[in-house]
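Asker: Test case, fold it:
(3 chains)
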Amino acid sequence: MHIAVSAAGDDGVTLTELDEAGRPGGAPVSVPREAFAEAVSEREPGSPRWVWDDTRRWYPGLLEAGVVVERCVDLRLNHVILKNSAATADSELALAPASAWDVPSDWAPQAASDALFELGALRGRRPEEGADPIEEFRRQRSAVAGSADPNRLSLLLAAESAGALIAVEMEFAGLPWSAERHNELLEGLLGARPHPGQRPARMQALLGDIRFALADPSANPDSPVELVKSLRRAGIDVTSTNKWELQRHEHPAIEPLLAYKKLSRLLSANGWNWIDAWVNDGRFRPVYVPGGVVTGRWASDGGGALQLPHQVRGAVVADPGWLFVVADAAQLEPRILTAMSGDRAMAAAGHDRDLYDGIVASGAVDTRAHAKVAMLGAMYGATTGESGRMLPKLERAYPRAIRFVEEAARAGERGEVVSTHLGRSSPRPPVEWRQQQDDAQQEGADEPLLAAAKTARRSWGRFTRNFVVQGTAAEWALSWMAGLRGRLARLGPGLPLAQRPHLVFFLHDEVMVHTPAELADAVAAEVRAAAEDAGRLLFGGLPVQFPVTVATVESYDQAKG
DNA sequence: ACGAATTGCGCC
DNA sequence: AGGGCGCAATTCGT
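Answerer: Numbering: from 1, shown residues only, chains lettered A, B, ... in the order given. Reported below is the predicted structural model:
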């Protein structure tokens, strides 16, 4: 059963039962905002699917009232998918002009301070006209029903909506974070916390080494422009200060300089200021943004949640009596490519073992490192270097897989749209791109113009090449996590989220569950089972495995990393 | 002086 | 001539 949730006046909520096609069934029921959570929890035993415009708008309040929602339809996220999908291109929804449903969520993130939250409540609330959730739900059901493969799209929409629930739940629970342990890690690497504007001792010492090695007492590694000048004066022929270029040179200044930059990065991105800004009551609460990346990956807003450096992962510490179950999907993207392309040779290479080892065992390349760089290159569109050299070997052994990504690249170069397995489609190239290609076709187009157009064409091809793999991997990961979420709920039936195993972190192909220690083994089993489910859901009977590595740990740095 | 763009690097 | 991001600090542009 579906129940639509919509705002009624300033401070009420209307609940309307809907049938499968999205038509209203019984009479709508209006309740005051204060009674909303209770009204939802009363319905829970029958587990309806809650249909609402924006999970971030409705769900935080429910969680605070102790209500965990089992299933939902996030109309805004699903709208974006259907609006862009090639599978629903001729639907009423896709053909309609832009509306309130095309505007990104502006509901105040839960992580905002109270003061900001109050401010957000006063402004930034869009008018509701043209945004009737019941009407939108009907349009979405109709678009899916009229597509060539409603099952795949339905799965995608369900997974995306489950992700929206999980994102809010992870913000609600927070990632357990020991500020004390973090401080110890920083002190070990940098020295004691300095006064504002001062360098930590370890960086100050390295600065001395750099200046000595360059024979330049005023060298300033914090300024790329000045640093390039200093390096060139010392006879080091660089044009930029990035790590890649610096590493190629042999000079006593290079090593301390790279060490300095590494520490400088740690200090500015995840140093003491970061702790002050982001850790409260032993929890790090970033804002996750489902669907924040065009490929369907999540993005995050604030705190750099999806870029936590390995250096500080030791500060992610489970509560006393609790543990983390950390799991990641092994070689996810190559396996996704294997399944999408139906490459049986590659499926065999990855059967019951590390896929890269299997590629070596097949004789295609000589080392695991070569297999890995060649596969990544194939999926990213590398043409030069080691990766480019390995590619022909890979293509001889696995022609179907390699041709699959090549096809996606050629389509992009022609300006076409490509789609993931479940039907999320790539954006069309920007109008300037189209214009540039057209200009290059004109008679008398000069050489620089032709070259620039070709560069842009290849670049868009690399994007579409990667889109199909990265996007389908995101679909698998969402399905995995959504299934795991349901399984975790059954490990602690009726318990509030924070008192039973719950997800606390998600990083593209990796999940982390915070669990009472005695349930850790059960959680690990659910993680594996959910991964098997995800493979079956997306690819049915194809003989492609999606193994996961699972570690039960007290702190994040103990997971393989 | 200020906002926009760039650089550099962290994650997958 | 290698895909997708977010963030801080520097540098550019007006």
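Asker: Could you see whether DNA strand C lies near the helix of greatest length in chain A?
Answerer: Counting by DSSP state H, the longest helix found in chain A is helix A:447-491. Yes: judged by C-beta under 7 Å from any atom of the strand, helix A:447-491 comes into contact with DNA strand C at A:455, A:458, A:459, A:462, A:463, A:465, A:466, A:467, A:470. Bear in mind the C-beta positions are built from the backbone N, C-alpha and C, glycine included.
Asker: what number of residues lie near the first one?
Answerer: Right, the one you point to is residue A:455. 11 (other C-beta atoms under 10 Å).
Asker: Which pLDDT value goes with it?
Answerer: Note for residue A:455: predicted pLDDT of 91.
Asker: excluding its backbone neighbours, what's nearest residue A:159?
Answerer: In space, and not counting its chain neighbours, residue A:159 is closest to residue A:478: 4.1 Å by C-beta to C-beta, 6 or more residues apart in numbering.
Asker: Tell me where chain A is predicted with low confidence.
Answerer: For chain A, applying pLDDT under 70 flags the ranges A:108-130, A:561.
Asker: quick one: contacts for residue A:39?
Answerer: A:13, A:15, A:29, A:31 (C-beta atoms under 8 Å, 6 or more residues apart in numbering).
Asker: doesn't it fall inside a helix?
Answerer: Yes: Residue A:39 sits within a helix when classified using DSSP: H, G, I helix; E, B strand; the rest coil.
Asker: Distance check, it against DNA strand C.
Answerer: Separation of residue A:39 from DNA strand C (C-beta to the nearest atom of the strand, to the nearest Å): 35 Å.
Asker: how about the residue most central in space within chain A, what does it touch?
Answerer: By C-alpha atoms, centre = their mean, chain A has its centre lying nearest to residue A:298, at 3.0 Å. Contacts for residue A:298 (C-beta under 8 Å, 6+ apart) come out as A:163, A:167, A:288, A:289, A:290, A:291, A:292, A:306, A:474, A:506, A:508.
Asker: Export the residues you listed to JSON lines and append columns for distance to residue A:82.
Answerer: Output for the contacts of residue A:298, formatted as JSON lines (distance: C-beta to C-beta, whole Å):
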{"residue": "A:163", "distance to residue A:82": "16"}
{"residue": "A:167", "distance to residue A:82": "20"}
{"residue": "A:288", "distance to residue A:82": "22"}
{"residue": "A:289", "distance to residue A:82": "19"}
{"residue": "A:290", "distance to residue A:82": "15"}
{"residue": "A:291", "distance to residue A:82": "12"}
{"residue": "A:292", "distance to residue A:82": "18"}
{"residue": "A:306", "distance to residue A:82": "26"}
{"residue": "A:474", "distance to residue A:82": "17"}
{"residue": "A:506", "distance to residue A:82": "24"}
{"residue": "A:508", "distance to residue A:82": "24"}
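Asker: near DNA strand B, from the residues you listed?
Answerer: A:306, A:508.
Asker: if we take the contacts of residue A:298, which one ends up nearest to DNA strand B?
Answerer: Nearest to DNA strand B among the contacts of residue A:298: residue A:508, at 4.5 Å, using C-beta to the nearest atom of the strand.
Asker: one step back: out of the contacts of residue A:39, which two are the most distant from each other?
Answerer: The most widely separated members of those are A:13 and A:29, with 9.1 Å between them, by C-beta to C-beta.
Asker: Settle it for me: which of these two has more neighbours?
Answerer: residue A:13 (22 against 13).
Asker: Enumerate the residues of the stretch 201-350 of chain A near DNA strand B.
Answerer: Counting by C-beta under 7 Å from any atom of the strand, the stretch 201-350 of chain A sits next to DNA strand B at A:224, A:240-244, A:261-262, A:265, A:269, A:304, A:306-311, A:328.
Asker: quick one, domains of chain A?
Answerer: Annotated domains of chain A cover A:1-173, A:179-276, A:332-466 [automatic domain parsing].
Asker: Contacts only, for whatever residue of the stretch 351-500 of chain A ends up closest to DNA strand B.
Answerer: Using C-beta to the nearest atom of the strand, the single residue of the stretch 351-500 of chain A nearest to DNA strand B is residue A:470, 7.5 Å away. Residue A:470 sits next to A:295, A:297, A:333, A:379 when contact means C-beta under 8 Å, 6+ apart.
Asker: Helix or strand: which one has the last one?
Answerer: In this structure, residue A:379 sits in helix A:368-380 according to DSSP states H and E.
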